[in-house]
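[1] Need a 3D model of the following:
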Amino acid sequence: MLGKILLPIDLAEAEMTRLALDEARVLAQAFHSELRLVNVRSVVPIAFLDYVPEDFDRQIRDGIEKEMAAFADEIGYARERVSTKVLFGPIHHMILAEAEDWGADMILLCSHRPGMARFLMGSTASAIVQRAKCSVWVVRPGG
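    Coordinates of the predicted model:
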């Protein structure tokens, strides 16, 4: 049973986010699952802290939370069964930690098809698939 589905989304990848949202909605409706949409942002390097406004983290978090709330509203699923979370840190580490802390039964994520550059540098999706303690569903654009 899929009681809880964690859905990491990349707000910069609109097509992939929509694809992941569609897949998550279908699964959540079929299994009456809870959905958690997660966005992870990198931490501002300490060397740049003198160049950003004092409340920079809050401004970023507020903007992301608004975008995430909009996605949660448009997903077309019972709003009380959808939650959002914004995290800061290394992307795959934060996703895996959130999946474990929240008790996710599955992580559903969208990923580009692997190419040579991703093979050489690695990818977030690959790291999640290799290290997750729960099931992982990887959706790819283009079928």
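[2] Distance of the residue nearest to residue 15 when sequence neighbours are not counted relative to residue 81?
    Excluding the flanking residues, the one nearest residue 15 by Cβ to Cβ, 6 or more residues apart in numbering is residue 141, at 6.0 Å. Just so you know, the C-beta spots here come from the backbone N, C-alpha and C atoms, and that holds for glycine as well. For residue 141, the distance to residue 81 equals 26 Å [Cβ to Cβ, to the nearest Å].
[3] What's the local residue count around the residue nearest to residue 15?
    Residues lying near residue 141 (other Cβ atoms under 10 Å) number 14.
[4] What score does it have for pLDDT?
    With respect to pLDDT, residue 141 has a value of 79.
[5] when you give positions from now on, start the count at 30
    Understood, numbering begins at 30; the last thing we discussed is residue 170.
[6] got the phi/psi numbers for it?
    Dihedral angles of residue 170 (phi, psi; degrees, to the nearest 10) stand at phi -70, psi 150.
[7] And it, how close does it get to residue 51?
    According to Cβ to Cβ, residue 170 stands 11 Å off from residue 51.
[8] pLDDT (mean, whole number) over stretch 118-138?
    95.
[9] nope, stretch 90-97 is what I was after
    Across stretch 90-97, pLDDT averages out at 88.
[10] Could you do stretch 35-55 as well?
    Mean per-residue pLDDT for stretch 35-55: 89.
[11] Touching it from outside, list them.
    34, 64-69, 93, 96-97, 100, 103-106, 120, 124, 127-128, 131, 133, 135-141, 157, 166, 168, 170 (Cβ atoms under 8 Å, 6 or more residues apart in numbering).
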